[in-house]
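Student: sequence first, predicted coordinates after that:
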Amino acid sequence: MCAVVLVAHDLTKRFGSTIAVDRLSFEVHEGRVTGFLGPNGSGKSTTMRMMLQLDRADRGSATFDGRRYRELRHPLREVGALLDAKYVHPTRTARNHLRAMALTNGIPYPRVDEMLGLVGLEEVATKRVGGFSLGMNQRLGLAAAMLGDPHTLLFDEPVNGLDPEGILWVRNFMRTLAGEGRTVLVSSHMLAEMALTAQDLVVIGRGRLISQGRVEDFVRDAAGSWVEVRSPQVAELAQLVEARGARVSMGEGAFSASGIEAATIGELAAENGIVLHELSPKQASLEEAFLEVTRDAQQYRSGSPVRRESGAGEPR
Amino acid sequence: MIGLIRAEWLKLRSVRSNVVLMVAIAVLAVGLGALLCAVVPLDDTAGAENDLGVYPLLRLQIATAGFGLGLALLGVLGVQVIGQEYRFNTIRATFAAVPRRGRALVAKVVVVVVATLTIAASLIALSLLVGGAILSSRGVGLDLSVEGAWRVLVGTWLLAPGYALAGFGIGMILRQPIGSIVAVLAWPMVIEPIVVAFLRSSVGRWMPYNAGSQVVERVGDPDLLSPWGGFAYFCAVAVLLCLVGGVMVSRRDA
Ligand SMILES: Nc1ncnc2c1ncn2[C@@H]1O[C@H](COP(=O)(O)OP(=O)(O)OP(=O)(O)O)[C@@H](O)[C@H]1O
Ligand SMILES: [Mg+2]
């Protein structure tokens, strides 16, 4: 098992009457890319700002190897963050932006040009950042995050605004970082993107933790297939289907079943003389499943039945 | 701390508007003084009170008169050091690199004080050279040995960091540049003169910028604070603004 490096404990943040982050606790492991997933406005950016103690947490804290961010002597050498690529003064050059950061954390100047090379910005090192494209800004942000060669990296929607080539590059970049044994936490509101990049997932909705675990588990449970069945004799048929080892959840005059083929249900019905009004196989896309999971985080958490029966809503 | 100070100096000079502002201050401070030295009549028909030929100290004040506006613009520079960071959200990058915010703010104060002292010293020297040359050509010249000469010169010099720190403090309190710039320009140039004109000996004497400027006045005014007393009071207000602003910046979300 990999060591836990980054721990969020009970993080809570209110903005006026809205609770942006609500008693959020999770752990991020070393040597893996952890996806931090949640719909827009679910509190991902706020959580990351609290981790860096830019926003004051109303309660709780985040620790890196047991220490809070403010206790790190040279934080850029231990934690690199790309919160928003636009946090750069437009009339400052890329090199000067990085040099100022380097000076504050005792990082030697040659490292600045090394990082500009790494992200492919060496040719515009002396150009004002204001003229950069979104993608170039994003690359500069990555260079800034990597400046101190940190062990832990926080990326807030790093592929925002990148072209497909850039997205692929960032995805491989993060995997390489994790492969080197670093801890990588990357936020996104796209499950499909995270399924390709991350190994672990922390899923939040409305500032609360929904699930935490391996990506494969989440995807398997989330993007299940199931069969919807409608019949005047639902109870009878459901029993037969359940006897075949399928998971069944009852509705009104209908049920949905997972872990069984539609054909098998049809044959069962025919053998037992049961009338079928509907027999339709369903498949949830990753994004649909994710939406379903996060649409109503609180209702989900309280364990009340979900509206549509799919693996997605199945409490674990 | 040296690294932090170097970083803040790099940040100050790598923003174009700051460089433009510093050049503007130089041109205005030196140029305005030179212009006045060239055009102010030597014998004032309104009375001996304002006669350049009679009062050598007045000649010195005319030569450094550009600092009236120059100092106000140094206040703007003080605002920019923090206001620009909030305007472009670079304050988050700054505090992510230096999470103990007090250290980052102290580094900014050091840069502001050293930079403004250096700028003011060079510009005062330049103003004396240029103004002195122009006055000499008109047959009067500058005399630094007259009583009050060094008070005016040192006072002008030390007011520079005072104005800049007051601007820095206001910038930290308001945390956005436009409002802060309006404040540091309108307060000393519009509001204080009105208050001093109408409530001279009561509220007027406690108007900080006006009190600070007593140190460069030719004749003391019994209604107002003494030259160095007023200067000390102005500095205390500037430091207080920085302390209040520093606490606010440290407490709030970046
Ligand atoms: N500075 C702020 N002042 C007031 N409300 C805020 C502030 N920052 C965030 N919020 C609110 O807190 C909630 C969480 O916002 P946050 O930006 O953390 O979400 P997010 O998950 O990063 O969303 P996105 O995917 O859109 O980036 C939102 O309701 C947002 O409106
Ligand atoms: Mg966000």
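Tutor: Now that the structure is in, tell me what you want to look at. Ligands and ions are numbered 1, 2, ... in the order given.

Student: going by C-alpha atoms from here, please, whenever you check contacts or count neighbours.
Tutor: Fine.

Student: residues from the stretch 151-254 of chain B in reach of chain A?
Tutor: Within the stretch 151-254 of chain B, the positions near chain A by CA under 8 Å from any CA of the partner chain are B:R251, B:R252, B:D253, B:A254.

Student: check the secondary structure at A:H9 for me.
Tutor: strand (DSSP: H, G, I helix; E, B strand; the rest coil).

Student: list the contacts of it.
Tutor: Contact partners of A:H9, counting by CA atoms under 8 Å, 6 or more residues apart in numbering or on different chains, are A:R23, A:L24, A:S25, A:F26, A:G60, A:S61, A:A62.

Student: and chain B, is the host helix or strand of the second one touching that?
Tutor: Using DSSP states H and E, the secondary-structure element containing A:L24 is strand A:18-29. No. On the criterion CA under 8 Å from any CA, strand A:18-29 is out of touch with chain B, staying 13.9 Å away.

Student: can you show me the helices along chain B?
Tutor: B:2-13, B:16-39, B:56-63, B:67-87, B:90-97, B:101-137, B:149-174, B:177-186, B:192-198, B:208-212, B:227-251 (DSSP state H).

Student: save these as CSV, and put in mean neighbour count, distance to A:A125 and mean pLDDT too.
Tutor: CSV is the format used below for these (neighbours: other CA atoms under 10 Å in any protein chain shown; distance: least, CA to CA, whole Å; pLDDT from 0 to 100):
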stretch, mean neighbour count, distance to A:A125, mean pLDDT
helix B:2-13, 20, 15, 95
helix B:16-39, 19, 16, 91
helix B:56-63, 24, 44, 81
helix B:67-87, 25, 21, 93
helix B:90-97, 22, 18, 95
helix B:101-137, 20, 25, 93
helix B:149-174, 25, 30, 94
helix B:177-186, 18, 28, 93
helix B:192-198, 15, 47, 86
helix B:208-212, 24, 43, 87
helix B:227-251, 19, 31, 94
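
Student: by neighbours, which of the residues of the stretch 151-254 of chain B next to chain A wins?
Tutor: B:A254 (20 neighbours; other CA atoms under 10 Å in any protein chain shown).

Student: now that residue, nearest residue through space, not along the chain?
Tutor: A:L54 (5.2 Å; CA to CA, 6 or more residues apart in numbering or on different chains).

Student: and for B:A232?
Tutor: Nearest to B:A232 is B:G212, by CA to CA, 6+ apart, at 7.3 Å.

Student: next: A:G266.
Tutor: The nearest residue in space to A:G266 (CA to CA, 6+ apart) is A:L279, at 7.5 Å.

Student: residue contacts, the residue nearest to B:A232?
Tutor: B:L159, B:P227, B:W228, B:G230, B:F231, B:A232, B:Y233, B:F234, B:C235.

Student: for the third one, what are its contacts?
Tutor: The neighbours of B:W228, taking CA under 8 Å, 6+ apart as the test, are B:G212, B:Q214, B:V215.

Student: kindly recompute the last result at 7 Å.
Tutor: Shown in contact with B:W228 (CA atoms under 7 Å, 6 or more residues apart in numbering or on different chains): B:V215.

Student: what does the second one give?
Tutor: Counting by CA under 7 Å, 6+ apart, B:P227 makes contact with B:Q214, B:V215.

Student: need the residues of chain A near chain B, please.
Tutor: With CA under 7 Å from any CA of the partner chain as the criterion, chain A meets chain B at residues A:52, A:54-56, A:70, A:75-76, A:87-89, A:91-92, A:96, A:100-101, A:103-104, A:106.

Student: same thing but 6 Å
Tutor: By CA under 6 Å from any CA of the partner chain, the residues of chain A that approach chain B are A:L54, A:D55, A:R56, A:R70, A:L76, A:Y87, A:V88, A:T91, A:R92, A:A100, A:L103, A:T104.

Student: mean confidence (pLDDT) on stretch A:180-195, please.
Tutor: The average pLDDT for stretch A:180-195 rounds to 89.

Student: and that stretch, which residues are buried?
Tutor: By neighbour count with 16 or more other CA atoms under 10 Å in any protein chain shown, stretch A:180-195 contains the buried residues A:181-191, A:193-195.

Student: which of the residues of chain A next to chain B lies closest to ligand 1?
Tutor: A:D55 (8.6 Å; CA to the nearest ligand atom).

Student: returning to what we had before: now for whatever helix or strand comes next after the strand holding A:L24, which elements pack on it?
Tutor: Next helix or strand after strand A:18-29 toward the C-terminus (DSSP H and E): strand A:33-37. Applying 3 or more CA pairs under 6 Å, 6 or more residues apart in numbering or on different chains; DSSP states H and E, we find strand A:33-37 packed against strand A:183-188, strand A:200-205.

Student: what sits up against the last one?
Tutor: Taking CA atoms under 6 Å, 6 or more residues apart in numbering or on different chains as the criterion, the residues outside strand A:200-205 that touch it are A:34-38, A:42, A:210-215, A:294, A:297.

Student: is that strand anywhere near ligand 1?
Tutor: No. Judged by CA under 6 Å from any ligand atom, strand A:200-205 stays clear of ligand 1, getting no closer than 8.3 Å.

Student: and A:L24, bridged to which residues?
Tutor: A:L11 (DSSP bridges).

Student: do you know how far it is from A:Q199?
Tutor: 20 Å (CA to CA, to the nearest Å).

Student: what's the pLDDT at the residue of chain A positioned farthest from its centre?
Tutor: Here the centre of chain A is the reference, and by CA atoms, centre = their mean the most remote residue is A:G273, at 47.7 Å. At A:G273, the predicted lDDT confidence score is 91.

Student: A:V229 belongs to a helix?
Tutor: No. Under three-state DSSP, A:V229 falls outside any helix and is assigned strand.

Student: which residue packs closest to it, ignoring adjacent ones?
Tutor: Take A:V229 and drop its neighbours on the chain: the residue closest to it by CA to CA, 6+ apart is A:L279, 4.7 Å away.

Student: quick check: phi and psi at the one you found.
Tutor: For A:L279, the backbone dihedrals (degrees, to the nearest 10) come out as phi -150, psi 100.
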